[in-house]
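1. Just the structure for this:
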Amino acid sequence: GQDAAGDCIACGTGKYNTQAAQTDEAACEDCAVGKYHAQTGQDAEVDCIVCAVGLYQNQTAQATCEDCAVGLYNDQTAQTAASGCKNCPVGRYNNQVGQDAAADCKNCAAGLYNDQTGQDAETDCKACDTGEYQDQVGQSGCKNCVVGKYNDQTSQDHADDCKACEVGQYQHFEGRVDCY
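-> Numbers count the residues shown, from 1 in each chain. So this is what the prediction gives:
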């Protein structure tokens, strides 16, 4: 027969039981969404741990939380869905899972831009086109070369990369690749 406390079966991970003398696993209650527990044999709902920032859990009775995907971050605890993870803003990207702050989203370098949210790779940063430059990091667009100057190369990162029109030529539009 069963005559020792060791014969009792612990509730599984992600579950707890607050009552003694239970005879069925159904007496074990689930940790709620947004929470988890990796240990067996828990005896109170407070044993369920809220998912930390950078994580979420959309199912009950789980032993772990899920990482927010690349391109996203989560700066709040106890998130109950992947939709609790936020997109990195324009001008930035994130190539790592489980990030917990907007600051974890990396800036596109000068000479590059990103005009979409939730980007997940440095290669999502696009080169400024000819006639343009970008002298700041983390931008959603590029700046045009001013009237009287041109730029015939991509990915330029300073206003000085826009060249003055030669003597005898002119340029009366912004963002051009040559002079007349």
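
2. burial measure for the nearest residue to residue 66 once chain neighbours are set aside, as a count.
-> In space, and not counting its chain neighbours, residue 66 is closest to residue 56: 5.6 Å by CB to CB, 6 or more residues apart in numbering. For glycine as for every other residue, the C-beta is placed from the backbone atoms N, C-alpha and C. Counted by other CB atoms under 10 Å, the residues lying close to residue 56 total 25.

3. how close does residue 56 sit to residue 34?
-> Applying CB to CB, to the nearest Å, the value for residue 56 to residue 34 is 7 Å.

4. May I have the phi/psi pair for the residue nearest to residue 66?
-> Main-chain torsions, residue 56, degrees, to the nearest 10: phi -150, psi 160.

5. Now list whatever residues contact both of residue 56 and residue 34.
-> Listed contacts common to residue 56 and residue 34 are 79, 80; contacts here mean CB atoms under 8 Å, 6 or more residues apart in numbering.

6. any low-confidence regions in the chain?
-> The chain contains residues with pLDDT under 70 at 1-6.

7. who's the residue nearest to the spatial centre of it bridged to?
-> Of all residues in the chain, the one closest to the mean position by CA atoms, centre = their mean is residue 72, 1.8 Å from it. Using DSSP bridges, the bridge partners assigned to residue 72 are residue 87.

8. Test my guess that it contacts residue 88.
-> Yes. With contacts counted by CB atoms under 8 Å, residue 72 reaches residue 88, the gap being 6.9 Å.

9. Need the overlap of contacts for those two.
-> Listed as contacting both residue 72 and residue 88 by CB under 8 Å, 6+ apart are 94, 118.

10. What separation do you get for residue 176 and residue 109?
-> From residue 176 over to residue 109 the distance is 24 Å, taken as CB to CB.
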